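Q: How does the following fold in three dimensions:
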Amino acid sequence: MNKSLFALALGGLAIGVTEFTIMGMLPDVAKYFDVSIPKAGYLITSYALGVVIGAPLLIVGMRKYSSTKMLLGLMLLFTIFNALSVIAPSFEFLMLSRFISGLPHGAFFGVGSVVASKLARKGKEAQAVATMYSGLTVANLLGVPLGTYIGHHFSWRYTFLLIVIIGILTLVSLKLWMPEVKIKKQENQNNPWSDFVIFKDSKVWFMILIFSVAPGALFAWISYIAPLMTQVSGVQEQNMPYIMVLAGLGMFVGNLIGGKLTDRFSASKIVMIVLFLQILTMGTIYFTAQITWLSLVMTFITGVVSFALIPSLTLLLLKSVKSNSELLVASLGPACFNIANALGAYLGGVPIEKGYGYTSAEIVAIGMVILGIIIFSIYMKTNKNKVQLI
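A: Got it, this is the predicted structure:
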């Protein structure tokens with residue numbers, strides 16, 4: 001079991017480095033292809049779009065295969081598509097390769113979430129899911145700073161080569177250590193669209209809304225953490241890599257704590273508690289960002305709180321929707337998480353552009369959390385007799 005979860009975490013590491021390292025390499029890529037940094041930002045958008053589109057389509061397209069074959073196939077596609085980024089001859093080609101490399105992202109985490117929960121001992125499902133997502137947090141802690149350093153001091157192409165190497169290691173690990181896991185599927189395997197019957201269930205739409213809004217607070221904050229820390233908190237620009245490591249460490253710790261708390265209590269309780277804690281952390285940043293030492297402490301704490309939400313939300317998604325299309329259900333989480341990424345980054349930047357200062361993004365974050373609480377409260381109230389509280 002431990003080796004199997006390690007293989008999933010390794011895949012999460014590869015995906016995390018792919019998704020987040022490009023943010024730190026934007027100036028280098030923009031300079032190489034002679035485009036503006038805002039235009040280079042399309043590389044982030046194209047990847048997120050690939051995640052949202054690819055998650056349901058690849059799950060449905062690979063529905064006849066076993067869980068292990070699906071994971072191997074998805075990681076193979078991911079590795080090949082990232083290899084295209086290594087040799088990209090133009091900015092347009094790189095943007096296309098970023099889009100198609102995002103396609104397997106949501107599907108891999110979707111299948112991986114189901115597999116991890118089924119590999120776990122009774123009562124340890126959330127911790128197993130958190131272990132898989134630990135690869136994503138390790139990417140923020142170590143992989144992203146390393147990839148950014150390689151891209152800045154050598155070549156951004158070498159960073160994508162590093163991703164390819166991690167992808168190959170993941171393939172080997174999955175092949176050696178991943179057992180077959182029985183997964184519920186629709187009986188009508190000849191009709192690929194039969195899986196989409198889940199969208200007739202209102203609980204699915206509630207979970208889509210929650211996943212697309214609540215985690216957006218994380219991205220409203222972290223998307224503008226560099227100017228917040230350097231221009232408000234007084235941190236020297238050359239120390240920003242250490243700030244990102246501090247935030248990544250918080251996410252790593254929060255992911256593990258969230259998994260343990262969800263297994264000990266109920267997913268619904270942890271979701272609600274964490275959402276209220278997010279309001280507290282974002283509000284603290286808004287009022288105290290000019291105090292350097294406190295800003296450093298809040299960087300770590302906010303990382304902890306923000307990522308503690310992921311295991312509980314993921315497990316609630318898996319358990320609250322009773323369906324024979326659990327792979328498609330699970331893939332919705334990563335897909336909507338990327339919608340939250342795009343919404344948080346965009347909405348957080350609106351008041352900043354209007355001149356309200358870099359702390360104004362935290363007000364947007366609080367607004368997204370409050371909206372998430374409202375949606376989640378309605379969801380729990382209308383489905384209190386149907387939702388399995390884990």
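Q: contacts and neighbour counts: CA atoms only from here.
A: Will do.
Q: ok, and the closest non-adjacent residue to S46?
A: F99 (4.8 Å; C-alpha to C-alpha, 6 or more residues apart in numbering).
Q: what are the C-alpha coordinates of stretch 212-224, in CSV please?
A: Output of stretch 212-224 as CSV, limited to C-alpha atoms (Å, rounded to 0.1, in the frame of the first residue of the first chain):
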residue,chain,number,x,y,z
SER,A,212,-14.8,26.0,-8.2
VAL,A,213,-15.2,28.7,-5.6
ALA,A,214,-13.9,27.8,-2.1
PRO,A,215,-10.3,27.0,-3.1
GLY,A,216,-10.2,30.2,-5.2
ALA,A,217,-9.2,32.0,-2.0
LEU,A,218,-5.8,30.2,-2.1
PHE,A,219,-5.1,31.5,-5.6
ALA,A,220,-6.4,35.0,-4.9
TRP,A,221,-3.7,35.2,-2.2
ILE,A,222,-0.8,33.3,-3.6
SER,A,223,-1.0,34.7,-7.2
TYR,A,224,0.0,38.1,-5.8
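Q: what sits up against it?
A: Residues outside stretch 212-224 that contact it (C-alpha atoms under 8 Å, 6 or more residues apart in numbering) are 275, 278, 303, 306, 309, 336-349, 358, 361-362, 364-366, 368-369, 371-373.
Q: make it 6 Å
A: The contact list for stretch 212-224 (C-alpha atoms under 6 Å, 6 or more residues apart in numbering) reads 306, 336-337, 339-341, 344-345, 348, 361, 365, 368-369, 372.
Q: Widest-spaced pair of these?
A: Greatest spatial distance among these (C-alpha to C-alpha): C336 and A361, at 20.5 Å.
Q: out of the two, which sits in the more crowded spot?
A: Between C336 and A361, A361 has the larger neighbour count (other C-alpha atoms under 10 Å), namely 31 against 25.
Q: For the residue nearest to that one when sequence neighbours are not counted, list the residues it contacts.
A: Leaving aside its sequence neighbours, A361 sits nearest to G348 (C-alpha to C-alpha, 6+ apart; 4.4 Å). Neighbour list for G348: A220, A361, V364 [criterion: C-alpha under 6 Å, 6+ apart].
Q: So which of those residues belong to helices?
A: Those of the contacts of G348 mapping onto helices are A220, A361, V364, per DSSP state H.
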